[in-house]
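# coordinates only, sequence not included:
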């Protein structure tokens with residue numbers, strides 16, 4: 001399944017004039033990440049997207065994904081028993 005997804009993405013890149021090896025695609029996808037930051041005072045949880053490399057931007061363009069570098073809040077609240085329940089803030 002992963003091979004099929006990789007080849008489909010690779011074909012989409014070639015059609016749009018961007019030749020990329022499977023290894024380059026994998027490296028670009030591995031660099032696309034969101035770091036989670038926990039606020040110890042307020043108890044909030046935040047997502048901080050990474051900066052995209054040029055290959056990552058091309059992949060996002062082909063897939064139709066808008067990658068935003070602005071950090072976003074993931075609201076966290078304590079539930080009985082000490083568990084944390086997370087809801088994505090709108």
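Thanks, I have it. Fair warning: this is a prediction, and the values are worked out from it, not measured in the lab. Numbers count the residues shown, from 1 in each chain.
# And the strands in this protein, which stretches?
34-38, 45-49, 72-78, 84-88 (DSSP state E).
# who touches the residue sitting nearest the centre point of the chain in this structure?
Computing the C-alpha centroid of the chain and ranking residues by Cα atoms, centre = their mean puts residue 33 first, at 4.4 Å. For residue 33, the contacting residues are 49-50, taking Cβ atoms under 8 Å, 6 or more residues apart in numbering as the criterion. For the C-beta atoms, the positions are set from N, CA and C on the backbone; glycine is no exception.
# how about a cut-off of 10 Å?
Residue 33 is in contact with 48-50, counting by Cβ atoms under 10 Å, 6 or more residues apart in numbering.
# before we move on, what about residue 66?
For residue 66, the contacting residues are residue 60, taking Cβ under 10 Å, 6+ apart as the criterion.
# just residue 7 next, same as before
Residue 7 sits next to 22, 25 when contact means Cβ under 10 Å, 6+ apart.
# measure it to residue 71 for me?
With distances taken as Cβ to Cβ, to the nearest Å, residue 7 is found 34 Å from residue 71.
# in the chain, which spans are helices?
Counting by DSSP state H, the segments of the chain that form helices are 2-15, 22-31, 54-63.
# Figure out which of those helices is closest to residue 42.
Between residue 42 and the helices of the chain, the shortest separation by Cβ to Cβ is 29.5 Å, and it involves helix 22-31.
# Would you mind listing the buried residues in the closest one?
Residues of helix 22-31 classed as buried: 24-25, 28 (neighbour count, 16 or more other Cβ atoms under 10 Å).
# just curious, which of these is nearest to residue 1?
Taking Cβ to Cβ as the measure, residue 25 is the one of the buried residues of helix 22-31 closest to residue 1, at 15.5 Å.
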